[in-house]
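Visitor: model the structure of this input:
(chains A and B, ligands or ions: 3)
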Amino acid sequence: MSENMKPVPLPRRYFTPTVIVIAVIAAVGLLFVLARLIFGIGAVTNLSNEFPWGIWIGIDVAAGVALAAGGFTTAALGHIMHKEEYHLITRPALLTAMLGYTFVAVSVGIDLGRYYYIWHPLIMWNGNSALFEVGMCVMIYLTVLYIEFLPIVTERFIGRVNLPGFFKRFNVSLDKLLRALDRGLDKTMFIFIIAGVVLSCLHQSSLGTLMIIAGPKMHPLWQTPILPLLFLLSAMSVGFPMVIFESYLTSKSFGLKPETNIMANLGSMVAPLLGIYLSFKLGDMVIRQTFVYLTEFNTASVMFVIEIVIGVVVPLRLFLSPQIQKSPMGLSIAAFLVIFGVFLNRMNNFIVAYNPPYVFQSYFPSIGEISVTAGFIALEILLFRAFVMIFPIVSVPQHSGTKAKFSIRSV
Amino acid sequence: MINESRRKFLKTSALIGAGITGLSTKSVKAEPKYVLDENRMGVLIDTTVCIGCRKCEWACKTAHDLPTQPIESYDDRTVFEKMRRPDAKALTVVNEYPPKETDQFPINVKVQCMHCDKPACVSACIVGAFSKEENGSVIWDTDKCIGCRYCMVACPFQIPAFEFEKAWHPDIRKCDFCFDRTKEGKLPACVEICPMEVLTYGTRKSLIERAHQKISLYPDRYIKHIYGEFEVGGTSWLYLASKDFHELQFPKLGTNTAPGVSEAIQHGIFAYFVPPVALYALLGGVMWINKKKAESNKNKEVHHE
Ligand code: SF4
Ligand code: SF4
Ligand code: SF4
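Guide: Ligands and ions are numbered 1, 2, ... in the order given. Down below sits the predicted model:
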């Protein structure tokens, strides 16, 4: 089957009514980013000395990193476990991770009070700081992701370099350069692929270490020394659901047949991962006896129950059911619940659980914060669509006779 | 061919390993300045003698070039109606807790950075902008700070404040123990101005001794608790009070240091970069084996056909 499946650019009309709505959301978000740059963080957000971090960190960064886990999980499956049948999905997953991490970096940038000092951690080190480690790993991993994406760019342009007018004279040398780059990358790519997986494991878990230092400021339902492990396990279990959900959406929006087989295979791997995560989460709760907080009725306990039941238990049950395994729609719903659960978990850890000793006004995100967050998600979708149209990302069945000029490597 | 690719693989892996260990020797030192001098200074705050004149607030602002009303305006006691916290424009504030019985006096509590012995802010700051100095003060370096506000998330006393209203070059502000004044041999501004000698400046050791003496001399006046002696591993600023500190809105904190757990995890994951390098090698090995397996499978298929 995979013989006649080949990633190709999908030429379509870019703007559809949905795309226009998404573009408007993105534009509004960008306006608020501009406002933040001109008037400062205080003017646009509801952040305060009591609540120094809001949804730009809790959602854009923490949830953003977790939901980009499809990149390293599929890389591990496709390249490290060397399962060739999954090579079809490594490219879309790679693109999502690349865009996701790019926006994580951009979100950190606008949240930083002094964004023009964002490079400081490169030369000013603090090995004790979990944030330092997260920052460094994310920076390096983002670079690795760009490198991993390069072969797709070279593949797109080798033999097709066609600069207009004055630049025409460079066509041949540019083509040579691309070919050389491609050969070099081909030989060294495994270094970057392994590095990407290692870096992901490191910062996915360190993201959990972040809130540990907040100590008693954080609600005991979430505050635990095994937070890094929980973050890593949940990131691992959300990787494949992200790929399933996204491949379903892509196939719908581009009118392709969903990859039912691959989706089902990926789906069968989700349940064990979710099960491990759930057992650690519940085990931790039993050992630290935090279940007593569930008898109280407040935002924290309600959010915790929603996170566990709807975000973990229900999808776990769904992924175990044979009927669901067979239907792309069912798989996507189950996948969406896992995504929702991890999203909620990150938001809970960074926002709901954060309860400082002196609170004058509790935190709720401002219109500006919400618009920026929504705007960045919208931008990501727009870029994804554009990339899929320009670059060979999504695999489609090939009619015989359409031979590419340049043989395709399975990256 | 196989051998060659394997050799190349091993070589590259070894190179990467060496590169990372090279980095690690540097990174061990890559920590902010943290000294716990035996003779570090501190301040003992005796809340039982404070009259809430707020002259310390005025002196603090004046010493730190912060805008302030004239000193006379500080006689206005209506500010006590609301609990206040230090912020970027006031590094210390005094609050008042009215008495339960009418015949007692209200209690005034001056609040500022505690200058922890094991400060969460120093451990947390991504660029090491905070440091613990020989004289006990915890200070902040404007040339490093990137404005991430992780220090605020970390501080158990909710002290560092951020200039949210500034679009360009916002600062983190908090009490710096009058670092520039004490360097020149002057007293901290609040200690110098306080008319009631609420604030005693001295080595932390001597202050703790003195506090214990006070407690045993006047057991009716003080509760048996020096706030800051053991809280989060000890702080340079210490408090005495006549009633439970929790009633005076001091956070209830254990004796474990604030950064203890997270630093242990951090150093566990990064113990001389061994775990990441080991993971790298492991994944590399798995990848190589799987690739070989897949290749030999393919060869077999070819033979069958
Ligand atoms: S009170 Fe907060 S800001 Fe002050 S030294 Fe301790 S952790 Fe740092
Ligand atoms: S806001 Fe500044 S001082 Fe605080 S943790 Fe971030 S870089 Fe360090
Ligand atoms: S100056 Fe002294 S007496 Fe006056 S409020 Fe400050 S600590 Fe209390």
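
Visitor: would you pull up the residue in chain A closest to ligand 2?
Guide: Chain A approaches ligand 2 most closely through residue A:113 (6.6 Å), counting by Cβ to the nearest ligand atom. Quick note: C-beta positions are derived from backbone N, CA and C, even for glycine.

Visitor: surely that residue touches residue B:151?
Guide: No - using Cβ atoms under 8 Å, residue A:113 is not in contact with residue B:151; the gap is 11.5 Å.

Visitor: coming back round to it: look up the closest residue to the residue of chain A closest to ligand 2, ignoring the ones flanking it.
Guide: The shortest distance from residue A:113 to any non-neighbouring residue, by Cβ to Cβ, 6 or more residues apart in numbering or on different chains, is to residue B:147 (2.3 Å).

Visitor: neighbour count winner among residue A:113 and residue B:151?
Guide: residue B:151 (28 against 24; other Cβ atoms under 10 Å in any protein chain shown).

Visitor: wondering if the helix or strand containing the more buried one reaches ligand 1 at all.
Guide: Here residue B:151 is covered by helix B:150-154, with elements defined by DSSP states H and E. No - interface with ligand 1: helix B:150-154 contributes nothing (Cβ under 6 Å from any ligand atom), its closest point being 6.6 Å away.

Visitor: show me the contact partners of that helix.
Guide: A:49, A:52-53, A:129, A:131, A:210-211, A:213-214, A:217, A:354, B:120-121, B:123-126, B:129-130, B:158, B:160-162, B:172, B:258-259 (Cβ atoms under 8 Å, 6 or more residues apart in numbering or on different chains).

Visitor: may I have that helix exported as PDB, CA atoms only?
Guide: The C-alpha coordinates for helix B:150-154 follow below in PDB (Å, rounded to 0.1, in the frame of the first residue of the first chain):
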ATOM      1  CA  TYR B 150       9.300  32.900  37.200                       C
ATOM      2  CA  CYS B 151      10.800  34.400  40.400                       C
ATOM      3  CA  MET B 152       7.300  35.700  41.300                       C
ATOM      4  CA  VAL B 153       5.900  32.200  40.800                       C
ATOM      5  CA  ALA B 154       8.600  30.700  42.900                       C
END
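
Visitor: after it comes which helix or strand?
Guide: Next in sequence after helix B:150-154, counting helices and strands by DSSP H and E, comes strand B:161-162.

Visitor: gap between that next one and the chain center?
Guide: Centroid separation between strand B:161-162 and its chain, computed with Cα atoms, centre = their mean, to the nearest Å, is 13 Å.

Visitor: list the helices and strands it packs on?
Guide: The helices and strands touching strand B:161-162, judged by 3 or more Cβ pairs under 8 Å, 6 or more residues apart in numbering or on different chains; DSSP states H and E, are strand B:172-173.

Visitor: mind checking if the helix or strand that the strand it packs on is followed by is in reach of ligand 1?
Guide: Per DSSP H and E, the first helix or strand lying C-terminal to strand B:172-173 is helix B:179-183. No - Helix B:179-183 stays clear of ligand 1 (Cβ under 6 Å from any ligand atom), getting no nearer than 12.7 Å.

Visitor: how about helix B:179-183: buried residues?
Guide: Buried residues in helix B:179-183, defined by neighbour count with 16 or more other Cβ atoms under 10 Å in any protein chain shown: B:181-182.

Visitor: now do stretch B:128-148
Guide: Residues B:128-133, B:135-141, B:144-148 are the ones in stretch B:128-148 that count as buried (16+ other Cβ under 10 Å).

Visitor: from the chain's centroid, how far away is the top helix by length along chain A?
Guide: Assignment by DSSP state H gives helix A:171-209 as the longest helix of chain A. Centre-to-centre, helix A:171-209 and its host chain are 18 Å apart (Cα atoms, centre = their mean).

Visitor: how about that helix: buried residues?
Guide: Residues A:174-175, A:178, A:182, A:185, A:189-209 are the ones in helix A:171-209 that count as buried (16+ other Cβ under 10 Å).

Visitor: circling back: so what's the residue of chain A closest to ligand 2 scoring on pLDDT?
Guide: The model reports residue A:113 with a pLDDT of 95.

Visitor: let me know the secondary structure of whatever residue of the stretch 51-200 of chain A ends up closest to chain B.
Guide: Nearest to chain B, among the residues of the stretch 51-200 of chain A, is residue A:113, at 2.3 Å (Cβ to the nearest Cβ). Put simply, residue A:113 is coil when judged by DSSP: H, G, I helix; E, B strand; the rest coil.

Visitor: contact partners for residue A:300?
Guide: By Cβ under 8 Å, 6+ apart, residue A:300 lies in contact with A:219, A:221, A:293, A:352-353.

Visitor: pLDDT weak spots in the chain?
Guide: Let's take chain A. A:1-4, A:399-411 (pLDDT under 70).

Visitor: that was the other one, I meant chain B.
Guide: In chain B, residues with pLDDT under 70: B:1-30, B:103, B:270-272, B:300-305.

Visitor: that one: helices as residue ranges?
Guide: Here chain B has its helices, by DSSP H, at B:2-29, B:55-63, B:120-124, B:150-154, B:179-183, B:189-193, B:204-217, B:260-269, B:274-304.

Visitor: to ligand 3, which of the ones you listed lies closest?
Guide: Nearest to ligand 3 among the helices of chain B is helix B:55-63; the distance by Cβ to the nearest ligand atom comes to 3.2 Å.

Visitor: secondary structure element for residue A:395?
Guide: According to DSSP H and E, residue A:395 maps onto strand A:394-397.

Visitor: give me the contact list for that strand.
Guide: The contact list for strand A:394-397, computed with Cβ under 8 Å, 6+ apart, reads A:4-8, A:10, A:88, A:91-92, A:250, A:254, A:256, A:388.

Visitor: now, among the residues you listed, which is nearest to chain B?
Guide: Once Cβ to the nearest Cβ is applied, the member of the contacts of strand A:394-397 that ends up nearest chain B is residue A:88, at 15.9 Å.

Visitor: any idea what the closest residue to that closest one other than its chain neighbours is bridged to?
Guide: Of all residues not flanking residue A:88 in the chain, residue A:395 sits nearest, at 4.6 Å (Cβ to Cβ, 6+ apart). With DSSP bridges as the criterion, residue A:395 is bridged to residue A:7.

Visitor: look up how far residue A:54 lies from residue A:395.
Guide: 39 Å (Cβ to Cβ, to the nearest Å).

Visitor: secondary structure class for residue A:122?
Guide: helix.

Visitor: spit out the contact partners of it.
Guide: Neighbour list for residue A:122: A:136, A:139 [criterion: Cβ under 8 Å, 6+ apart].

Visitor: how close does it get to residue A:210?
Guide: Distance from residue A:122 to residue A:210, by Cβ to Cβ: 19 Å.

Visitor: which other helices and strands contact the longest helix of chain A?
Guide: helix A:64-67, helix A:70-75, helix A:130-157, helix A:227-253, helix B:2-29, helix B:260-269, helix B:274-304.

Visitor: by contact count, what packs against the second one?
Guide: Based on contacts counted as 3+ Cβ pairs under 8 Å, 6+ apart, the elements that helix A:70-75 packs against are helix A:87-111, helix A:171-209, helix A:227-253.

Visitor: now the ones you listed as a markdown table including distance to ligand 1?
Guide: Converted to a markdown table, the helices and strands packed on helix A:70-75 look like this (distance: least, Cβ to the nearest ligand atom, whole Å):
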| stretch | distance to ligand 1 |
| --- | --- |
| helix A:87-111 | 20 |
| helix A:171-209 | 17 |
| helix A:227-253 | 20 |
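
Visitor: I'd like those helices laid out as CSV, including distance to residue A:81.
Guide: Formatted as CSV, the helices and strands packed on helix A:70-75 follow (distance: least, Cβ to Cβ, whole Å):
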stretch, distance to residue A:81
helix A:87-111, 12
helix A:171-209, 11
helix A:227-253, 13
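
Visitor: for ligand 3, which of the ones you listed is the nearest?
Guide: Taking Cβ to the nearest ligand atom, helix A:87-111 is the member of those nearest to ligand 3, at 36.2 Å.

Visitor: burial check on the closest residue to ligand 3 within the stretch 151-300 of chain B, number of neighbours?
Guide: Closest contact between the stretch 151-300 of chain B and ligand 3, by Cβ to the nearest ligand atom, is at residue B:194 (3.3 Å). Residue B:194: 22 surrounding residues under other Cβ under 10 Å.
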